[in-house]
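below: sequence and its predicted model.
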Amino acid sequence: MKRRMLPSIPQSLTVFAFWLLMAEDVSASNVLMALLLAWLMPLMAARLEREFARLGRLRGGLRLIGRLLVDIVIANVTVAKQVLGPESRLKSQFVWIPLDLTNIHGISALTSVITLTPGTVSAELSEDRKHLLVHCLSTDDPQALVEDVKARYEAPLREIFP
């Protein structure tokens, strides 16, 4: 019974404290509002569907970070050349990348990695989470882009987020 009325005491305490910190004064009305929110917010949050991160082997994480740092430097140089060069050479396009990742946290990491790399940006995730739409500033071979993203980023992330 207590669990249903107050599903998360730490969350309730946090909401209560933050409400009072954001209020300009500690009046009776602010304390009552803080109590109401401290009771309602955890109840609403408990109804949300949560997907917890399952972590696998973290060993590939350092290798992925190193690869990403090198790729960011190389991509910056490539994008600078493309932007400073003739506009007619740019062949921007959207490419759908089929995903083997199923963990939403792994997919989020992949979208961040793609967006961090200059010249590409994650644009949309399909509703079934099986395809990711990526915009590429310039590519002659969309299939090579797909294979590159899957091999360089998705494969290591699949080890980290099984």
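On my side now, so go ahead.

the residue of the chain most remote from its centre and Leu35, how far apart?
In the chain, the residue that sits farthest from the middle, by C-alpha atoms, centre = their mean, is Ala28; the gap is 39.9 Å. Look at Ala28 and Leu35: by C-beta to C-beta, to the nearest Å, they are 11 Å apart. Where C-beta positions appear, they are placed from N, C-alpha and C, glycine not excepted.

stretch 92-103 - what's its average pLDDT?
For stretch 92-103, the mean per-residue pLDDT is 93.

which stretches of this structure have low pLDDT?
Applying pLDDT under 70 to the chain flags residues 1-4, 48-54.

quick one, strands of it?
If DSSP state E is used as the criterion, the strands of the chain fall at 93-98, 120-125, 131-136.

and of those strands, who's closest to Ile65?
strand 120-125 (17.6 Å; C-beta to C-beta).

partners of that closest one in the sheet?
Strand pairing for strand 120-125, determined by DSSP bridges: strand 131-136 (antiparallel).

need the contact partners of the partner strand.
With C-beta atoms under 8 Å, 6 or more residues apart in numbering as the test, strand 131-136 has contacts from 92-99, 107, 110-111, 114, 119-126, 142, 145, 149.

check stretch 150-162 too.
With contact meaning C-beta under 8 Å, 6+ apart, stretch 150-162 is reached by 53-61, 63-64, 67-68, 71, 97, 99-101, 103, 105-106, 109-110, 113-114.

returning to what we had before: including distance to Ala17 and mean neighbour count, could the strands of the chain go into CSV?
Below are the strands of the chain laid out as CSV (distance: least, C-beta to C-beta, whole Å; neighbours: other C-beta atoms under 10 Å):
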stretch, distance to Ala17, mean neighbour count
strand 93-98, 43, 15
strand 120-125, 35, 17
strand 131-136, 38, 18
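
looking at those strands, spot the one closest to Pro10.
Evaluated over the strands of the chain, closeness to Pro10 peaks at strand 120-125, with 30.9 Å, by C-beta to C-beta.
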